[in-house]
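Student: Please work out how this folds:
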Amino acid sequence: MVAESENNLLVPSLFVSQLSVRPMGILTGFILLEIAQTFNTTIGVAGQIVTAASLAGLLVAPFLAALSMRYNPRSLLLAGIGTITIASLGCSFAPTYTIMLVFYSLSGLGAAMVTPMIMTIIGETIQEEKRPTVIGRIVSSTPMLSTIAGLFIARILLWGWQTAYLIFAFPIILLSLILAYLAVPKNIQRKNENPPSIKEGFQQIIGYRSAVSCLLGTLFTMMAWGSTMWYFASFFKEIYGVSTSTVGVLWSSNTFVFVVGNWVCGKVISKLGFKRSTVLSSLLMGVTIIGFSQSFSYPIAVVFRIIFSFIAAFWMSASNSLVLGQIPEYRGAMMSITSGSSALGNALGSALGGLIISYSGYVWMGVFMGIMGLLASIAVFSFANDPMIDSE
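Tutor: Residues are numbered from 1 along each chain as shown. The predicted structure is shown next:
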């Protein structure tokens, strides 16, 4: 086991590794309309590349859970970043929507490997009371990138949306791969040095009511989050007629608030507890989604979306900390299955969100996804155990 104090590069290296999962998503959120126009389809259909990526992440989750019981998390982390690197190149040169769909799906597969292994490494190397703060720092890497990207996205897109994958997404992901290879320690050991059979590991996770409630909470919350994330730019463009440059500024404002939330959440979550923080943030995310979609005023919609970003930062750190404490002997497997739950929620959120928008509009999409936030809070509140409190 590599203690945090023994490796000052551990957290920075994980910070950089986390960067790899977002450049393609950031870019895609801005260009769904352009993708639809290029391939002569609708925005609802174009948005299904996001659904496909999430489904790829969902499908790989159980296999990754099994692999995590046998292989070092560093190796799986590098494999995930490598897969995203290939995906970014493929999207840069995709001649048809089908090929675009295939390569973009690889990004979901890779992301499903990267984040769980980062969280596993945190669980094995960082003390429990410090985890919310460390998780907050690491996951803030991607919104920091989003903040910067939002300010320059209009200029980046002047080269064309496919070229943008090559000059924006690919270099960042490749850099993440190189630095992760050089800086993430090789001698990270799992808590369970001699785990039982893979079958027994799955049985322990699925048979533990608290763990299952966490998975459900992640599923419902990511449905809500996914729908607002992927249709954020389209909402402001279609409802309020704002330009891409303006949407970029709005995006940067939201991601900056998310970064602030990540950096201040640690002490609050430690005092409130992992479970209470997760329940409260899921509930408030649902409320703010409804407020965002129901706003018939542009400034009010902006305010609700900013509040949502701040609360989402708390949910990210609190939820991951809660999950990491469920079954310490199988952290890798638990985080991998949680990633699958997150991918399923993201897929359902983008798919159902696009469907509801197509037939009923953004207002009803917001209502439905707000209810998902409520269901998430109920699931965690009713059945989850808080390792910070229940173990005392």
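Student: any low-confidence regions in the stretch 151-300 of the chain?
Tutor: Low-confidence segments of the stretch 151-300 of the chain (pLDDT under 70): 188-198.
Student: where exactly do the helices run in it?
Tutor: 161-164, 170-183, 198-206, 209-230, 232-240, 244-272, 274-294, 298-324 (DSSP state H, counting those that start in this stretch).
Student: To Trp364, which of these lies closest?
Tutor: Minimum separation from Trp364 across the helices of the stretch 151-300 of the chain (Cβ to Cβ) falls at helix 274-294, 8.1 Å. Every C-beta, even on glycine, is put in place using the N, C-alpha and C of the backbone.
Student: Could you check the angle the closest one makes with helix 232-240?
Tutor: Orientation check (axes from the mean of the first three to the mean of the last three Cα atoms, to 10 degrees): helix 274-294 against helix 232-240 gives 30 degrees.
Student: what's near enough to touch the residue nearest the centre of the chain?
Tutor: Taking Cα atoms, centre = their mean, the centroid of the chain lies closest to Ser342, which sits 7.5 Å from it. Neighbouring residues of Ser342 by Cβ atoms under 8 Å, 6 or more residues apart in numbering: 57, 218-219, 222.
Student: out of these, who has the most neighbours?
Tutor: Thr218 (30 neighbours; other Cβ atoms under 10 Å).
Student: how close does that residue sit to Ser92?
Tutor: Distance of Thr218 to Ser92, given as Cβ to Cβ, to the nearest Å: 31 Å.
Student: give me phi/psi at Ala94?
Tutor: Torsion angles at Ala94 (phi, psi; degrees, to the nearest 10) stand at phi -60, psi 120.
Student: Isn't Gly354 up against Thr41?
Tutor: No. Assessed by Cβ atoms under 8 Å, Gly354 is found out of contact with Thr41, at 11.9 Å.
Student: who has more neighbours, these two?
Tutor: When neighbours are counted by other Cβ under 10 Å, Gly354 comes out ahead of the other of Gly354 and Thr41, with 25 against 13.
Student: gap between the residue nearest to the centre of the chain and Tyr71?
Tutor: From Ser342 to Tyr71 the distance is 21 Å (Cβ to Cβ).
Student: Next: Cys214.
Tutor: Per Cβ to Cβ, Cys214 is found 24 Å from Tyr71.
Student: Between those two, which has more neighbouring residues?
Tutor: Cys214 (30 against 15).
Student: Check which residues of stretch 98-105 are buried.
Tutor: Within stretch 98-105, the residues that count as buried by 16 or more other Cβ atoms under 10 Å are 100-105.
Student: Select from those every entry located in helices.
Tutor: 100-105 (DSSP state H).
Student: Go through these and name the one nearest Leu166.
Tutor: Comparing these against Leu166 with Cβ to Cβ picks out Phe103 as the nearest, at 12.4 Å.
Student: Enumerate every residue touching the closest residue to the closest one other than its chain neighbours.
Tutor: Closest residue in space to Phe103, ignoring its immediate chain neighbours: Gly90 at 2.9 Å, by Cβ to Cβ, 6 or more residues apart in numbering. When contacts are counted by Cβ under 8 Å, 6+ apart, Gly90 touches 99, 102-104, 106.
Student: Dump the residues you listed into TSV; add pLDDT as well.
Tutor: Below are the contacts of Gly90 laid out as TSV (pLDDT from 0 to 100):
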residue	pLDDT
Ile99	90
Val102	90
Phe103	91
Tyr104	91
Leu106	91
